[in-house]
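Asker: Whatever this is, show me its structure:
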Amino acid sequence: MKYEIFMGDVKNKEQFHDLIQETLPCPPYYGRNLDALYDVLTEQGSGWEVVFHGYDEILHWTPGNAEALKSICEDAMAACPDLKIVFED
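Answerer: You can find the predicted model right below:
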C-alpha cells in the first residue's frame, strides 16, 4: 500500500498530525506526536510505502521536528523491514 503525504501547506505540528490522520489508517487513539506515529508505522506499516512530499517545507517552520521525523522514520524502517519511507523535496 502506498501513502503519499503532501506537506506543502503544513505550517505547524497540529496541521502535520491532522494530515497524518487523514492519510494513514491511524487508530482512533492516535496520540498526535512522533512517538504515536512511530507506533503506527511499526505496528501497521508492513508492506507500506510512505512518501513525504515537500519535506523541505517543514524544515522552514520546525527544523528540529523535521529531523526528529526523519529519525523516527529511519528507526521504524529498521524495526519493520517491509516498510519503505521516502522524503522528497
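
Asker: And the contacts of stretch 54-65?
Answerer: Contact with stretch 54-65 is made by 6-8, 10-13, 16, 34, 66, 69-70, 87-89, as judged by Cβ atoms under 8 Å, 6 or more residues apart in numbering. C-beta: built from backbone N, CA, C; applies to glycine.

Asker: Helix or strand with the lowest mean pLDDT in this protein?
Answerer: helix 55-61 (a mean of 76; mean pLDDT, DSSP states H and E).

Asker: Buried residues, that one. List them.
Answerer: Of the residues in helix 55-61, Tyr55, Glu57, Ile58 count as buried by neighbour count, 16 or more other Cβ atoms under 10 Å.

Asker: rewinding a little: tell me which entries of the contacts of stretch 54-65 lie within helices.
Answerer: Secondary structure from DSSP state H places Lys13, Phe16, Leu34, Ala66, Leu69, Lys70 of these in helices.

Asker: Mind giving me the PyMOL command for buried ones among these?
Answerer: Selection of buried members from the ones in helices among the contacts of stretch 54-65 for PyMOL, criterion 16+ other Cβ under 10 Å:
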select buried, resi 16+34+66+69+70
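
Asker: could the ones in helices among the contacts of stretch 54-65 be laid out in CSV, adding distance to Lys2 and pLDDT?
Answerer: Shown next, in CSV, are the ones in helices among the contacts of stretch 54-65 (distance: Cβ to Cβ, whole Å; pLDDT from 0 to 100):
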residue, distance to Lys2, pLDDT
Lys13, 25, 87
Phe16, 20, 92
Leu34, 22, 95
Ala66, 22, 84
Leu69, 19, 93
Lys70, 19, 93
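
Asker: give me the number of residues near Phe6?
Answerer: 14 (other Cβ atoms under 10 Å).
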